[in-house]
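Visitor: this one's structure only:
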């Protein structure tokens, strides 16, 4: 898989993942069904783009350990990822130290997001932590190893936020 295709899949995965989240929370089944596209995008990246597997293992572990895989659409998305990876294969490139650093970063993102949602911290931290900066920072620091995946996770998050703004705008009327 080339870098351009991977960046498009990162973007699609982030956008459709947020649509799934918002659809599940708002009872909008059509949006919630976006888990299919999110799961397929992540599964393809996981299997076919070197380094992406470590990022998505970290995200899955971070969200799983904090109870954020909390509805049937999240579970179906995870199942879609697993089935896609089972069909396409598990990549041979894997570094346990990089995966550990990314997992700790993803876990910090989820814990800080929890405290941001509960408003149990100072306002300045809420503004920073609600955007889950730790994994992004780790990916940027690890650019020599992760290469284009660092840009990929930034695109994932950018399109995740775009989907949130879009849904918020559409359903605020």
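Guide: Sure thing, it's come through. Keep in mind that this is a model prediction, so the values were computed, not measured. Numbers count the residues shown, from 1 in each chain.
Visitor: contacts and neighbour counts: CA atoms only from here.
Guide: Fine.
Visitor: now name the helix or strand holding residue 104.
Guide: For residue 104, the enclosing helix or strand under DSSP states H and E is helix 96-118.
Visitor: just checking, next helix/strand downstream of the lowest-mean-pLDDT helix or strand in the chain?
Guide: For the chain, scoring each helix and strand by mean pLDDT, DSSP states H and E identifies helix 123-129 as the least confident one, at a mean of 68. Towards the C-terminus, the helix or strand next in line after helix 123-129, according to DSSP H and E, is helix 133-141.
Visitor: helices or strands next to the helix holding residue 104 in the packing?
Guide: helix 52-65, helix 123-129, helix 133-141 (3 or more CA pairs under 8 Å, 6 or more residues apart in numbering; DSSP states H and E).
Visitor: now do it against helix 133-141, angle only.
Guide: With axes from the mean of the first three to the mean of the last three CA atoms, to 10 degrees applied, the angle from helix 96-118 to helix 133-141 works out at 150 degrees.
Visitor: what about residue 1, how many neighbours?
Guide: Residue 1 is surrounded by 11 other residues when neighbours are defined as other CA atoms under 10 Å.
Visitor: ranking the helices and strands packed on helix 96-118 by mean pLDDT, which is last?
Guide: Comparing mean pLDDT over those, the weakest stretch is helix 123-129, at a mean of 68.
Visitor: residues touching residue 160, list them.
Guide: Contact partners of residue 160, counting by CA atoms under 8 Å, 6 or more residues apart in numbering, are 11, 14-18.
Visitor: out of those residues, which is most surrounded?
Guide: Neighbour counts for the contacts of residue 160, by other CA under 10 Å, peak at residue 17, which reaches 32 neighbours.
Visitor: now for that residue: which residues touch it?
Guide: The contact partners of residue 17, by CA under 8 Å, 6+ apart, come to 34-35, 38, 160.
Visitor: repeat that for residue 69.
Guide: Taking CA under 8 Å, 6+ apart as the definition of contact, the neighbours of residue 69 are 63, 75.
Visitor: so what's the residue count around residue 91?
Guide: Counted with other CA under 10 Å, the neighbours of residue 91 add up to 16.
Visitor: what's the answer for residue 8, then?
Guide: Residues near residue 8, counting by other CA under 10 Å, number 14.
Visitor: residue 26 now?
Guide: 13.
Visitor: also the one 3 residues further on?
Guide: Residue 29: 14 surrounding residues under other CA under 10 Å.
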